[in-house]
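Undergrad: Here is my input, please return the structure:
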Amino acid sequence: METLLEQQRRYHEERERLEEAMMQEKLLKKPAAKERINSDHRVDQFLRRYQDCSGALHELYEDKDGLRKKEMAALSGPNELAEFYTRLRHIRDWHRKFPNEVQEPMQFEFLQLQQARENPGDDDVAPVSFTDEEGYGKYLDLHECFRKFINLKFTEKIDYVSYLKNIDKLFDIPKEKKTPEYRRYLESLLEYLMDYCQRVFPLTDLAAEFGRVQFEFEEKWDAGSFQGWKKDTESAMVKQSGAHLDLSAFSSPEELASLGLDRLKSALQALGLKCGGTLDQRAQRLFATKGKELEDLEQSMFAGKSRVGVAPAAATAAATATKGGRSAAQKQKDLASVEAKIYYLFETLGEQRLDTCDNVERRQARTADELKEDAETAEAMDSDDSDGEEGTPYNPKNLPLGWDGKPIPYWLYKLHGLNITFECEICGNVKYRGPKAFQRHFSEWRHAHGMRCLGIPNTAHFANVTTIEDAQKLWNRLKGSKEKQRWRPDADEEFEDSTGNVVNKKTYEDLARQGLL
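TA: A predicted model of the protein is given here:
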């Protein structure tokens, strides 16, 4: 029987060996994406095992049942030798009872893991599975989500490539078209992206990242600046059901006054209040009921026939309308929260999304014979990435690889200008091969994220600007030119005197004060 102290020693040893194994995994060279994903999954398994050991050690050190304290007292008391011989006798009895039982040290397990890591075989079981379309974490497989999207009533018939390019532009969809079917589509899309992200980036703590995304979303939602769901006061004013008015969308009587006399009159009548007076009086009378029960209002505010008996019924109707409005607002907030998570996941998977678009376009441009040949050699092409140095094609000029895994011809390399590299400081000093990739990157997520970090909008004015200093100078110049074009009443407003002379406002007021007009 294993003692508590032996359990503690074994857990400490296991923790140290797990730390060593995770360090070796991080130092291991991983030339292909497949090897990187497999290595991250092994590290994730080590981390989970390390957390389990830490939890077990914590429970042992807490010693809630007092067994560890008793064992320590038995080993350090006056009869320590008797305790020692008692445990020795138990060990001999166990080996006498099971003479052929072999106990492997923990070191053997980690040695086997190290050998499997350094010498991977073809028959090794992959720690994670991908579909053929996903290419072991290279591409996204959004065909099922695409089918659900084109079956929505408000969507136009588009192809798969256009869907991939515009899939994250959820803010372009009007709010009134975001139906329950649209919510189910978003939930299926979020479920797939979360599962794919956990398979490709197993070490990413999605729960913590979603917590940060939710916190930022709450701030933007309260400020009314979340993209696609910006607060619209006019819509809150107009889209009220019936005569009752939800006052939660209004912060002052002046906003209520913009509704007009008739709308305020119907809202006051629905509450049983006096509906006469000017526009400002009606707005102030209605705004005074915000956050209050009608029973708490002064009786002088009610109409003559509504002072007794009608107010409770009006209060009930108003409470029902307010509850329904809040329920609808909460549904909109929950839907916007799902969109915020999808925005974060697409930002994380930006590289896979671009590679998916290129892969789909490349496959659509190929003939039937090429597709058939590619299907026959799919397994060989899949193993080319992880064959090591022996399976690496001869490529002394470091040319890009084509769809068949071989270097493209050198004349094609020169024709597309791939021998020219462009570096963008805004993107984090990323280098782009060829003018086509360089021009395309200005509209991609990495350059847009860099401009957003600088606080500069990614507009057409900043095309071909790659340095931070040039972008900031151009932004300051644009702000200065906009400031000059701004309307200034003192200089731009014109006045005409009695003789027909046209001067600006400042000159006209100076002449008027001097009595020269």
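
Undergrad: so where's the stretch 101-250 of the chain uncertain?
TA: 102, 121-124, 231-244, 249 (pLDDT under 70).

Undergrad: all helices of it, in order?
TA: Applying DSSP state H, counting those that start in this stretch to the stretch 101-250 of the chain gives helices spanning 106-118, 143-150, 160-166, 180-200, 206-223, 233-238.

Undergrad: Now tell me which helix or strand of this protein has the poorest mean pLDDT.
TA: helix 233-238 (a mean of 42; mean pLDDT, DSSP states H and E).

Undergrad: As TSV, the helices of the stretch 101-250 of the chain with mean neighbour count would be great.
TA: For every residue, glycine as well, the C-beta is placed using N, CA and C. TSV is the format used below for the helices of the stretch 101-250 of the chain (neighbours: other Cβ atoms under 10 Å):
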stretch	mean neighbour count
helix 106-118	12
helix 143-150	15
helix 160-166	15
helix 180-200	16
helix 206-223	14
helix 233-238	13
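
Undergrad: between those helices, which gets nearest to G135?
TA: helix 180-200 (11.1 Å; Cβ to Cβ).

Undergrad: for that closest one, packing partners?
TA: For helix 180-200, the packing partners by 3 or more Cβ pairs under 8 Å, 6 or more residues apart in numbering; DSSP states H and E come out as helix 143-150, helix 206-223, helix 310-348.

Undergrad: switch to 10 Å and redo it
TA: Helix 180-200 is packed against helix 33-62, helix 143-150, helix 206-223, helix 310-348, helix 350-364, with contacts defined by 3 or more Cβ pairs under 10 Å, 6 or more residues apart in numbering; DSSP states H and E.

Undergrad: Would you tell me which of those helices gets closest to K292?
TA: Going by Cβ to Cβ, the one of those nearest K292 is helix 310-348, 9.8 Å.

Undergrad: returning to that earlier point: nearest to V125 among the helices and strands packed on helix 180-200 would be which one?
TA: Short answer: helix 33-62, nearest of the helices and strands packed on helix 180-200 by Cβ to Cβ, at 10.2 Å.

Undergrad: hmm, who's touching the helix or strand just after the closest one?
TA: Remark: after helix 33-62, the chain's next helix or strand is helix 67-76, criterion DSSP states H and E. Outside helix 67-76, the residues that touch it by Cβ atoms under 10 Å, 6 or more residues apart in numbering are 3-8, 60-63, 66, 80, 82-84, 86-87.

Undergrad: Keep only those of the residues you listed that are in helices.
TA: In helices, judged by DSSP state H, the following of the contacts of helix 67-76 are found: 4-8, 60-62, 80, 82-84, 86-87.

Undergrad: Under the pLDDT cut-off, which ranges of the protein? List them.
TA: 1, 102, 121-124, 231-244, 249, 304-326, 370-392.

Undergrad: Name the residue closest to the centre of it, please.
TA: Y344 (1.5 Å; Cα atoms, centre = their mean).

Undergrad: any idea how far T278 is from the nearest residue to that residue once chain neighbours are set aside?
TA: Excluding the flanking residues, the one nearest Y344 by Cβ to Cβ, 6 or more residues apart in numbering is V213, at 4.8 Å. V213 is 48 Å from T278, where distance means Cβ to Cβ, to the nearest Å.

Undergrad: Name the residues of stretch 58-78 that are buried.
TA: L60, R68, E71, A74 (16 or more other Cβ atoms under 10 Å).

Undergrad: Stretch 282-299 now?
TA: Buried, per 16+ other Cβ under 10 Å, within stretch 282-299: R282, A283, Q284, R285, L286, F287, T289, L294, L297.

Undergrad: what about it, start to end distance?
TA: 16 Å (Cα to Cα, to the nearest Å).

Undergrad: Run the chain-centre distance for that stretch.
TA: 43 Å (Cα atoms, centre = their mean, to the nearest Å).

Undergrad: likewise stretch 412-431?
TA: 29 Å.

Undergrad: coming back round to it: what is the nearest of the buried residues of stretch 58-78 to Y182?
TA: L60 (52.1 Å).

Undergrad: Tell me who's in contact with that closest one.
TA: L4, L5, Q7, Q8, Y11, L67, R68.

Undergrad: now, the most widely separated pair of those residues?
TA: Y11 and L67 (15.5 Å).

Undergrad: number of nearby residues for A463?
TA: Residues near A463, counting by other Cβ atoms under 10 Å, number 10.

Undergrad: And P396, how far from I420?
TA: 19 Å.

Undergrad: can you redo the ones in helices among the contacts of helix 67-76 as a markdown table with distance to L256?
TA: Output for the ones in helices among the contacts of helix 67-76, formatted as a markdown table (distance: Cβ to Cβ, whole Å):
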| residue | distance to L256 |
| --- | --- |
| L4 | 72 |
| L5 | 75 |
| E6 | 76 |
| Q7 | 71 |
| Q8 | 70 |
| L60 | 66 |
| Y61 | 64 |
| E62 | 61 |
| E80 | 86 |
| A82 | 89 |
| E83 | 84 |
| F84 | 87 |
| T86 | 87 |
| R87 | 84 |
